[in-house]
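Chemist: with the sequence up front, the predicted model follows.
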Amino acid sequence: MDLAPATAASLKLVLIFAVIILLLKLHVKLWLTLAAACLLTAFLSGIWPDRWPGIAFRLLTDRDFLLLCLMIWLMLLLSGIQDAGGQSARLVEGMEEYLHNPRIRLALFPALVGLMPMPGGALFSCPMIKAAAAGMSVSDEQKSLINYWFRHIWEASWPLYPGYVLTSSLLGLSMTTLCRYTFPLVFLSCAIGRFFYTRRVITQNPVQDMQSRKECAKQPRTPLSTVLQNALPIAVTLLGAAFFGILLDIFAPEIPGQAAFSMSLLLAVVTAVRQCRGRMSKSVASLALSANMRSIFLLLLAIFLFKDLIFISGLVRDLSDIPAGGVMLFMTCVIIPFISGMLTGIMVGFVGLCFPIVLGFIQHAGMQEYLVPLVVVSLVSGHCGQMLSPLHVCLVVTCEYFKTDLSKIWPKLLKPVAVLFTGGVCWALILRAAGVSF
């Protein structure tokens, strides 16, 4: 088998990511960095300028991309309304009466939001983390890391994520069967997040904080129903997505699921506006047209242009020209998903890119009896890749919200991701030793 295409593709991808890392180190804006990566990818792949307008036009008229932009805009608007109206702060203050452990509070909000399979959903929990961290010695970098990590603890094993649905479909399995072998990764992610990010979180004045908690314990707590009213927009988003999703499946199955989330988000925005009426520090119009909105849309455009160019160039496809068998098969189940995760920054992206290749390798090598552990390794590797990807929308919007430097956040993800990968491989080896199969 000819290894030349795989070798050339590997060298090109290494060069592209080296340029991305270099520009980020030089503090070049992320959307400009990605624009440079797009130009380099096009140049290395022979995609000449006469094709660029057509590629851009297809993206700007793509229904899924436009729906994603709408969803991100509505999420930004909703989080802005909740922040400006003090709703997030009131929710956190109310929950503090019931959750006395500050570490639990910091981890709980992004974890709950993580149940919603929306790109950029980490933006939902940013105001909650900001409010929950008041009175604690937590830097903006720590807030970003806690929010980003706990937002994604479910992703390797939550049936509502499109990437997980795609994995189940490609394998020809029910999601409950697949979940049986991947759900332990959720507990592993929680343990890693606690060890690296929330274990050392302390209040600025522990003694005073303990005294105030004792005094609060003697006073009657705010009724839970009153506290949860501030979570109504989030509940509307979750329940509305399920409701509109069912309606679309019945009456308009050709409409993508993102439309259901967009409708639920719009309803949540209306709910938040009504609840925060008279308390807003900014107008809804100023929030809807803020500079933060424009910068994030530029980032989205650059991210998806880069992803489209990766698809068009065929760089990942060329990596499939690797001989199948033994150790090489295992390495393929690690390297291709990891690179795909780094390149796309989203689960459905790396699953769509790499799983047809990985499953083809497994079948070609006649190693179907190892399908379960190899699929687990591929999912963990791809997830680790997307967690480190500078294209990951959640990472981008979290850094934008807390005004933190991505080049400083990224190195602090390396050790936790390495532990997650090691733990995932160990779990896959346990499954292999137990001889489990689908």
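Modeler: Done, it's in. Keep in mind the model is a prediction, meaning the values are calculated, not measured.
Chemist: next, the residue most central in space within the chain: secondary structure please.
Modeler: Centroid-nearest residue in the chain, with CA atoms, centre = their mean: residue 394, separated by 4.9 Å. Using DSSP: H, G, I helix; E, B strand; the rest coil, the structure places residue 394 in helix.
Chemist: once you drop chain neighbours, what's closest to it?
Modeler: Once flanking residues are discounted, residue 394 sits nearest to residue 122: 3.8 Å by CB to CB, 6 or more residues apart in numbering. Where you see a C-beta, it was placed from the backbone N, CA and C, and this is true even at glycine.
Chemist: just checking, that neighbour touches residue 148?
Modeler: Yes: counting by CB atoms under 8 Å, residue 122 does reach residue 148; the two are 5.9 Å apart.
Chemist: what about these two, which has more around it?
Modeler: Neighbours per residue, other CB atoms under 10 Å: of residue 122 and residue 148, the larger number sits with residue 122, 29 against 26.
Chemist: next, the contact list for that one, please.
Modeler: For residue 122, the contact set (CB atoms under 8 Å, 6 or more residues apart in numbering) comprises 110, 113, 147-148, 151, 394-395, 397-398.
Chemist: in helices, which of these fall?
Modeler: Those of the contacts of residue 122 mapping onto helices are 110, 113, 147-148, 151, 394-395, 397-398, per DSSP state H.
Chemist: and the strands in the stretch 251-400 of the chain, which stretches?
Modeler: Secondary structure of the stretch 251-400 of the chain by DSSP state E, counting those that start in this stretch: no strands are present.
Chemist: kindly provide the distance from residue 350 to residue 309.
Modeler: Using CB to CB, to the nearest Å, residue 350 is found at 16 Å from residue 309.
Chemist: which of the two has more neighbours?
Modeler: residue 350 (29 against 24).
Chemist: per-residue confidence for that one?
Modeler: For residue 350, the pLDDT comes out at 82.
Chemist: point to the helix or strand of the protein where mean pLDDT is at its lowest.
Modeler: With mean pLDDT, DSSP states H and E as the measure, the helix or strand of the chain carrying the lowest mean pLDDT is helix 206-218 (a mean of 52).
Chemist: what comes up buried for the next helix or strand after that helix?
Modeler: Next along the chain after helix 206-218, taking DSSP states H and E as the criterion, comes helix 224-229. Buried residues in helix 224-229, counted by 16 or more other CB atoms under 10 Å: 227, 229.
Chemist: about what we covered before: which of the ones in helices among the contacts of residue 122 sit farthest apart?
Modeler: 113 and 395 (14.7 Å; CB to CB).
Chemist: these two: who's more crowded?
Modeler: Higher neighbour count among residue 113 and residue 395: residue 395, with 28 against 23, using other CB under 10 Å.
Chemist: name the nearest residue to the more buried one, sequence neighbours excluded.
Modeler: Residue 395 sits nearest to residue 148 (CB to CB, 6+ apart), 5.7 Å away.
Chemist: contacting residues for that neighbour?
Modeler: Neighbours of residue 148 in contact, by CB under 8 Å, 6+ apart: 110, 122, 394-395, 398, 409, 413.
Chemist: give me the below-cutoff pLDDT ranges for the stretch 251-400 of the chain.
Modeler: For the stretch 251-400 of the chain, the stretches with pLDDT under 70 are 257, 291-292, 316-317, 319-328, 364-365.
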